[in-house]
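[1] Next come a sequence and a model predicted from it.
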Amino acid sequence: MPVLSYIEAVTQALDEEMSRDENVFVLGEDVGKRGGVFQATKGLYDKYGENRVIDTPLAESAIAGVGIGAAMYGMRPVAEMQFSDFMLPAANQIISEAAKTRYRSNNDWSVPMTIRAPFGGGVHGGLYHSQSMEAIFANVPGLKIVIPSTPYDVKGLLKASIRDNDPVIFFEHKRAYRLIKGEVPVDDYTIPLGKADVKRDGTDVTVITYGLMVHYAMQAADKLAVEGISTHILDLRTVYPLDKEAIIDAARKTGKVLLLTEDTKEGSVISEAAAIIAENCLFDLDAPIRRLAAPDAPAMPYAGPLEQAFMVKPEQVENEIRDLAEF
Amino acid sequence: MPVLSYIEAVTQALDEEMSRDENVFVLGEDVGKRGGVFQATKGLYDKYGENRVIDTPLAESAIAGVGIGAAMYGMRPVAEMQFSDFMLPAANQIISEAAKTRYRSNNDWSVPMTIRAPFGGGVHGGLYHSQSMEAIFANVPGLKIVIPSTPYDVKGLLKASIRDNDPVIFFEHKRAYRLIKGEVPVDDYTIPLGKADVKRDGTDVTVITYGLMVHYAMQAADKLAVEGISTHILDLRTVYPLDKEAIIDAARKTGKVLLLTEDTKEGSVISEAAAIIAENCLFDLDAPIRRLAAPDAPAMPYAGPLEQAFMVKPEQVENEIRDLAEF
Amino acid sequence: MIKAKSGDTLVKNRHQNLGLSDEVVLSMYESMLKARRVDERLWLLNRAGKIPFVVSCQGQEAAQVGAAFGLNREKDYVAPYYRDFGFVFAWGMTVKEMMLNNFAKAEDPSSAGRQMPGHFSYRKLRMLSHSSPVTTQNPHAVGIALAAKIKGDDLVSFVDFGEGSSNQGDFHEAANFAAVHKLPVIFMCENNQYAISVGLKHQLACAHVSDRAVGYGMFGKSFDGNDPLAAYAAVKEAADRAHRGEGPTLLEANCYRLMPHTSDDNDMTYRTKQEVDEAKKHDGVLTFAAYLRSVGVLTEEREKQMEDQVRKEIDEATDYAENAPFADPDSVLRYVYEEKN
Amino acid sequence: MIKAKSGDTLVKNRHQNLGLSDEVVLSMYESMLKARRVDERLWLLNRAGKIPFVVSCQGQEAAQVGAAFGLNREKDYVAPYYRDFGFVFAWGMTVKEMMLNNFAKAEDPSSAGRQMPGHFSYRKLRMLSHSSPVTTQNPHAVGIALAAKIKGDDLVSFVDFGEGSSNQGDFHEAANFAAVHKLPVIFMCENNQYAISVGLKHQLACAHVSDRAVGYGMFGKSFDGNDPLAAYAAVKEAADRAHRGEGPTLLEANCYRLMPHTSDDNDMTYRTKQEVDEAKKHDGVLTFAAYLRSVGVLTEEREKQMEDQVRKEIDEATDYAENAPFADPDSVLRYVYEEKN
Ligand SMILES: Cc1ncc(C[n+]2csc(CCOP(=O)(O)OP(=O)(O)O)c2C)c(N)n1
Ligand SMILES: Cc1ncc(C[n+]2csc(CCOP(=O)(O)OP(=O)(O)O)c2C)c(N)n1
Ligand SMILES: [Mg+2]
Ligand SMILES: [Mg+2]
């Protein structure tokens, strides 16, 4: 099986979906000639032309809003927000419009649009090129929020998102773009939205997480295995609406749960995971739930040492798991 | 002590702060001549003039953004968002700007602005005049989110918000505006932000909630007292950042916790409260945490019976508490 | 700009000059009348406690109906806003459907009672779903036009909004997008002089909303919003431009909101009765009727017949809607996402 | 519009006609030179791996510096954007502070290294805090002007942004607000022809960003952004209008971005070397120097002295900044909210 980087999987999924369905098109800032500032849409402009790979004016609310209109016409727009930090001007279009169109029209209209947005820290991006934005949207019924961790998942989930008949926010971890590589089948496959995935089976401690943090957890698990600690890792993959059953099963599996996110802690999606566990399997727990997250400060600083201090570190993950195992 | 309605307490707080500090001014849609669509700013235009009670163009991002600029100049703007549902065009100004200005300037600049916004359901307002919007913002460090339940709290908390040197979102429950009345001291007092308040002391079941739901809980508690069930009620008052200690204390007090919100459930602020409890006092609980909230659907319908079906009902609160007591 | 009716004989046969038959202008008038009479009925129903809320179209029917007739009602896509009673009637919505919408009943084609009245939506009629946050529909209309362009479909996308709403960021972003991509969009602002209590001067400092067109490099035009023929001509011209690939147009219909903002508003707190009375003199429903009479198209008999017919329709529709069932309360959980079977 | 330098003798003494002394125009030139030389150094430092990121001002110094000189540098409030090196130098920021900003060190007055370089902020200098999401600063500048108006303070609020950014909703809402309230705001668009890879034609369909002024009922003007004197004159005129209570102005400086968008960009994927080379012929730093030489103000000696002085300042500042400490990592927890003691 070919090995692709995370971002190559994005490009491949887009390319395949565009060639499969002429209703799929891409719009966003610099997605055309430039192929996107991260090169996620590289080659698509040459292949599909300016009619289907559209450089928009610098206006996110229009990108989302025009996408919604096109989706209502029957297209499957894939809108790129250059950085997830810059999708807030489109918050009203996403939350008031895309998310509510099916409901408010009593199923008459729908918005089959995918919004792709690079998120996450550790790239020297400073306050506004490093944020995790999912929590802002992870309370809006009508939306689905997908965050893949591996190239395999990227391809399958992005294809599923594009084919989904409701709006999907697809957050791509920008540090994973080139850092994370993995096998990706050449054939056409989709991964169902709304389903979490056990990335590692274990018996002592459960880690529930998503995005780049899945890899931190996997590394920690490898190290801890040497110490005889067996880690169970659940990758949420869809962070809204959450896969409750999978969360409950994973929590029950070991009775000790570490919830992990690189987002700031209070009000993050792992808070909802904690609530689900507290509601449903309190008596199955052998230790209080733990949450490991970034500090409750506005965003990640730019200066190297400050960025480092802000971000969740692999050692912290390891320590938390060990602590829990020893509880 | 005079008895005021919830909205009269809003007006009184605004009036007193404007007369106390000439840097306080009000801006928003229809807040001038019309005195606000709910009449929250009634009389202020005549008293303080068009320079300090400013009818803005219909543009929420400008209302927030101009408020931020004025705050940076040293004023204390009180911006009204006509309905909280309509504050999303200002999401970028609130989240990227107001919340982060102090942090990003390393304490050089600050934004002492209050954003008032009526929220909540049960007023026949349909999808876009009934929503609870707090969860969207309750993950943004740098913001404070205040939701008062009584006229007394309204006055003290609004004054504290206006005097606070950081941005505060002040959500007022629009159904409470005229429904809820209570004693309000004539004198100048403030209530500290960030502190929850025990609205009723009890021993069997703890209800943690805010806004109009505090009154539902109080009514249920009265009824249940007759049955011999003693309910402890914690009013969060500030829903971001949460008063962790008070939540932990309240949970420990009875060991049985009902978390109550009229917002849709997944990703709501009570999820964070659940997480805090699951992290900190798991072994003090005698029953799994319960959450009572609106269904995870986009928003509250307009048609009477549908609105009824969507909203949390007093009987549900009562039943949940009773169930917990009997657990 | 074409002037509304005057005593001058030159204005006679104005509709013929526009290529409109007598039957067409009568049909225009009928839509206007329907909108007006429905609106009046809604206020009565509201005062009688039968419906909790009214948002009103009075004073804007002429612009709305003229605009609808300027479009291709078989093909074009439209995003009317909450005051567009005249528009949606001319576009094919029935009085019964309108009443179901106002009574928020299950059969309401716009939302089955989920949304407030006036939040029109009707896929069958290529009418986009409208929400409460103002101006969000503008980029949607642009998206329709973009999609049509990608697919090679020759159609026009039409969107309405108020002058207060023209100050929202979405107005700007949508107009700019449409202009850059030369899309077949008609933006029509129904300038009724007020955004709730805030008068035009406190909303914008230019003379006409259409003055904004130049900043997008698009064609702009302001017209008498009390004159359906002016609206027809302006929209027709814009549609022709759009079909010729000349891109979007920004139109402004100058009218006046004759009623309070909604049934929740008291407009006497911010404007005077004299001002409203003065505006009533230019009421498009009355002036157009007068024009039609003056050119001999609207006979006394026809007028009476029309009024009777409209009243009957409204009576029946009201009865029907009042007695129709609400949606099942359990339905609040439905259609959050696609339901697969 | 004032034309940039030509061979014509008529252009001589242009600055005297504007009431600017020789020393003032030399000081202008010095700020431009400083900005250019600092920028050049930053690219070297970036390529040497000493700083991870550069955002560049090259090609926009003339407009920036001219603008700053058109304002009252003791009183006015300003919201420069990330390319405004020339502006912030003319406004009083030192080269050392600029280098501390680019090295993201604790003493960086803009953010102590929290923000990316070029996100200027300096309360002491009445310079607002700038963020990455574009155009958010526009309403802030309007807020300053509104506050000053409320307090009766006579000052001007100035804000810069790019032409791509002029398509954001916040541009529109801020401009409209300022115009309706007749506030003393100067909106200056530095039109450098590109928004990252997207050229002007794909950003807007009007000829000039300043064409948008009429849609707000405000004064608008486009000028040669390679000519600091044109910038000075335009901003001065706008400031005079503002002081006279005539409200806001929308200016457009026509310039060209000589470097890639940032050090992360490869501009050869979307434009040609020929195009850039052609633009370099109009480079304001070179043409203004030529003008100053042609009118005998910039002597060879003075020029050398200036270059030496600037180089020395940059060397020292670079050394200092490179060796200066980062902020304490624990400080990431600080200043989320006011810290009370
Ligand atoms: C984003 C947003 N802000 C505020 C409101 C509340 N609101 C409803 S209608 C209205 C005034 C609209 O004025 P205009 O655009 O002139 O349209 P008109 O009602 O006069 O037809 C306001 C402020 C809203 N619906 N949406
Ligand atoms: C809201 C937002 N969207 C996207 C970006 C990413 N971005 C940074 S600069 C830029 C282009 C800006 O172009 P322009 O306004 O012309 O200014 P210039 O950089 O050319 O000076 C973009 C798209 C951003 N910073 N903010
Ligand atoms: Mg209006
Ligand atoms: Mg540019």
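    Nice, I can see it. Numbers count the residues shown, from 1 in each chain, chains lettered A, B, ... in the order given. Ligands and ions are numbered 1, 2, ... in the order given.
[2] quick one: the helices in the chain?
    As the question left the chain open, I've gone with chain A. All helices of chain A, identified by DSSP state H, fall at A:6-20, A:44-48, A:60-73, A:91-92, A:101-104, A:134-137, A:151-163, A:176-179, A:212-226, A:244-254, A:269-280, A:304-310, A:314-326.
[3] looking at chain C here, not the other one
    Along chain C, counting by DSSP H, helices occupy C:14-17, C:22-47, C:61-70, C:85-91, C:95-103, C:137-151, C:169-180, C:228-243, C:273-280, C:284-294, C:300-323.
[4] The fourth one close to chain A?
    Read it as helix C:85-91. No - against chain A, helix C:85-91 shows no contacts by CB under 8 Å from any CB of the partner chain, the least distance being 14.6 Å. C-beta coordinates here come from the backbone N, C-alpha and C atoms, glycine included.
[5] list the helices and strands that helix packs on?
    Packing partners of helix C:85-91 (3 or more CB pairs under 8 Å, 6 or more residues apart in numbering or on different chains; DSSP states H and E): helix C:22-47, helix C:61-70, helix C:95-103.
[6] mind checking how far C:Met259 is from C:Asn102?
    Between C:Met259 and C:Asn102 the computed distance is 15 Å (CB to CB, to the nearest Å).
[7] How about A:Tyr6?
    As judged by CB to CB, A:Tyr6 and C:Asn102 stand 52 Å apart.
[8] for A:Tyr73, same thing?
    According to CB to CB, A:Tyr73 and C:Asn102 sit 28 Å apart.
[9] And those two? Which one has more around it.
    Each of A:Tyr73 and C:Asn102 has its neighbours counted (other CB atoms under 10 Å in any protein chain shown); C:Asn102 has more, 28 against 24.
[10] Pull the contacting residues for the more buried one.
    C:Asn102 is in contact with C:42, C:45, C:51, C:54, C:117, C:321, counting by CB atoms under 8 Å, 6 or more residues apart in numbering or on different chains.
[11] Now for the residue nearest to it when sequence neighbours are not counted, how many residues are close by?
    Closest residue to C:Asn102 apart from its sequence neighbours, by CB to CB, 6 or more residues apart in numbering or on different chains: C:Pro117 at 4.4 Å. By the criterion of other CB under 10 Å, C:Pro117 has 27 neighbours.
[12] ok, now which ones touch C:Pro117?
    Counting by CB under 8 Å, 6+ apart, C:Pro117 touches B:302, C:42, C:51, C:53-55, C:101-102, C:104.
[13] Can you list the low-confidence ranges for chain C?
    Chain C contains residues with pLDDT under 70 at C:1-11.
[14] Please repeat the previous calculation with a cut-off of 90.
    Scanning chain C for pLDDT under 90 picks out C:1-13, C:340-341.
[15] Count the residues that sit near the residue of the stretch 201-341 of chain C found nearest ligand 2.
    Ligand 2 sits closest to C:Gly215 of the stretch 201-341 of chain C, with a gap of 16.1 Å, by CB to the nearest ligand atom. Counted with other CB under 10 Å, the neighbours of C:Gly215 add up to 31.
[16] Would you mind listing what in the stretch 51-200 of chain C touches ligand 1?
    For the stretch 51-200 of chain C, the contact set with ligand 1 under CB under 6 Å from any ligand atom comprises C:83, C:132-134, C:162-165, C:190, C:192, C:194-196.
[17] In the stretch 151-300 of chain A, which residue sits closest to ligand 4?
    Residue nearest to ligand 4 within the stretch 151-300 of chain A: A:Lys174 (23.2 Å; CB to the ion).
[18] OK, contacts around the residue lying closest to that residue once chain neighbours are set aside?
    Counting by CB to CB, 6+ apart, A:Lys174 lies nearest to A:Pro118, which is 3.9 Å off, once chain neighbours are set aside. If you count contacts by CB under 8 Å, 6+ apart, A:Pro118 has them with A:38, A:40, A:82-84, A:171-174, A:177.
[19] let's see 6 Å
    A:83, A:172, A:174 (CB atoms under 6 Å, 6 or more residues apart in numbering or on different chains).
[20] How about the second one: which residues does it bridge to?
    Going by DSSP bridges, A:Glu172 is paired in beta bridges with A:Pro118.
[21] Around the residue in chain C positioned nearest to ligand 3, count how many other residues there are.
    Ranked by CB to the ion, the top residue of chain C for proximity to ligand 3 is C:Gly162, at 3.7 Å. A total of 25 residues lie near C:Gly162 under the criterion other CB under 10 Å.
[22] tally of neighbours for the residue of chain A found nearest ligand 2?
    Proximity of chain A to ligand 2 (CB to the nearest ligand atom) peaks at A:Phe86, 3.6 Å away. For A:Phe86, the neighbour count with other CB under 10 Å is 23.
[23] wait, what's in contact with it?
    Neighbour list for A:Phe86: A:60, D:133 [criterion: CB under 6 Å, 6+ apart].
[24] Also C:Met127?
    C:78, C:120 are the contacts of C:Met127 under CB under 6 Å, 6+ apart.
[25] just C:Glu278 next, same as before
    Contact analysis of C:Glu278 by CB under 6 Å, 6+ apart lists nothing.
[26] So it versus C:Glu163, what's the distance?
    19 Å.
[27] before we move on, what about C:Phe85?
    For C:Phe85 relative to C:Glu163 (CB to CB), the value is 18 Å.
[28] now swap in C:Ala67 and tell me
    In terms of CB to CB, C:Ala67 sits 16 Å off from C:Glu163.
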